[in-house]
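A.B. asks: What follows is a predicted structure for the sequence shown.
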Amino acid sequence: MMGNLTFNGMWGLVGEASPIIKLALLVLFLFSVVSWAVILYKIKLLVRMEKETLDFSRLFWDKKQFRTIHEACSGFQSTPLVNLFLAGYKELQQSKRTSVREASGASEQVEKNTLRSIEMALRKASTREVNKMEKAVTFLATTANTTPFIGLFGTVWGIMSAFKSIGLKGSASLLVIAPGLAEALTTTALGLIAAIPAVVAYNHLSTKIGRITVEMENFSLDFLGIVEGHMTKGSGKGDSEGLNV
């Protein structure tokens, strides 16, 4: 009998579970499936993103001519540095056209306005890219925080079922309490199975996103530094010709 109870395997146990336990197991299963899909997709994406970020950073410092770098951007599909560069480059072009119309006496103010507008464009682009990287990753945090409690709910419900069986049968034998305890332990186990990978993956992905975010911040500072340096060489006239814009 005991062997028959067990020990029908996992599917047999699920089939014999109460509707509430089945619902809890279904929710845990869905959490686990979605979280693993997020984990695999995000790891693949961020690994490719880190590689392209390094490659684009090298290109940026090797070329230093913005028009040449702009032409090469189409070869990079994953790194957020490309979108930062495009945002800064677009703002620089607009500022260059504006500066041509300004009187020479206002050149210092034009330079300040140019740097300010580029900084704002880079900041907005950086925020968008961080939001894109973090998209769906928060689901892993939700999974890690929620599934243990769903498992705990199943545990409590299974123990309640075991005590109910004792009351109905008037016996506390293993055969009476085994189904309720099996339900309790199964939901507890599945809750942990869903939560543990989510916690590990969330920490791992957050670390990767943090590293790329630092690279984005450094790139923004470097971009502004190069623009400001060329403006200084242009005798404070807001000159960006040396950048080959």
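C.D. replies: That came in fine, so what should we check first? Treat the numbers as computed from the prediction; the structure is a model and nothing was measured.

A.B. asks: Check the spacing between the spatially most central residue of the chain and Lys112 real quick.
C.D. replies: Within the chain, one residue has its C-alpha closest to the average C-alpha position: by Cα atoms, centre = their mean, that is Glu134, at 2.8 Å. Separation of Glu134 from Lys112 (Cβ to Cβ, to the nearest Å) stands at 33 Å. The C-beta positions use only the backbone N, C-alpha and C, and glycine is treated the same way.

A.B. asks: Could I get the pLDDT score of Thr207?
C.D. replies: pLDDT, Thr207: 93.

A.B. asks: again with Met2
C.D. replies: 41.

A.B. asks: ditto for the one 5 residues further on
C.D. replies: If you check Phe7, the pLDDT there is 42.

A.B. asks: again, but for Glu52
C.D. replies: So Glu52 comes in at 93 (pLDDT).

A.B. asks: which ones are touching the closest residue to it other than its chain neighbours?
C.D. replies: Sequence neighbours aside, Thr79 is the residue nearest to Glu52 in space, at 3.8 Å (criterion: Cβ to Cβ, 6 or more residues apart in numbering). With contacts defined as Cβ atoms under 8 Å, 6 or more residues apart in numbering, the neighbours of Thr79 are 49, 52-53, 55-56.

A.B. asks: Try it again at 6 Å.
C.D. replies: By Cβ atoms under 6 Å, 6 or more residues apart in numbering, the contact list for Thr79 reads 49, 52-53, 56.

A.B. asks: Show only the entries of these found in helices.
C.D. replies: In helices, defined here by DSSP state H, the members of these are 49, 52-53, 56.

A.B. asks: The residue nearest to the centre of the chain - nearest residue in space that isn't next to it in sequence?
C.D. replies: In space, Glu134 is closest to Ile209, 6.3 Å off (Cβ to Cβ, 6+ apart).

A.B. asks: Against Gly225, how distant is that neighbour?
C.D. replies: Look at Ile209 and Gly225: by Cβ to Cβ, they are 24 Å apart.

A.B. asks: who's more crowded, these two?
C.D. replies: A direct count of neighbours by other Cβ atoms under 10 Å for Ile209 and Gly225 places Ile209 higher, at 17 against 10.

A.B. asks: element containing that one?
C.D. replies: Remark: Ile209 resides in helix 174-233, with elements defined by DSSP states H and E.

A.B. asks: which helices and strands sit right next to that helix?
C.D. replies: helix 19-63, helix 80-101, helix 107-134, helix 137-169 (3 or more Cβ pairs under 6 Å, 6 or more residues apart in numbering; DSSP states H and E).
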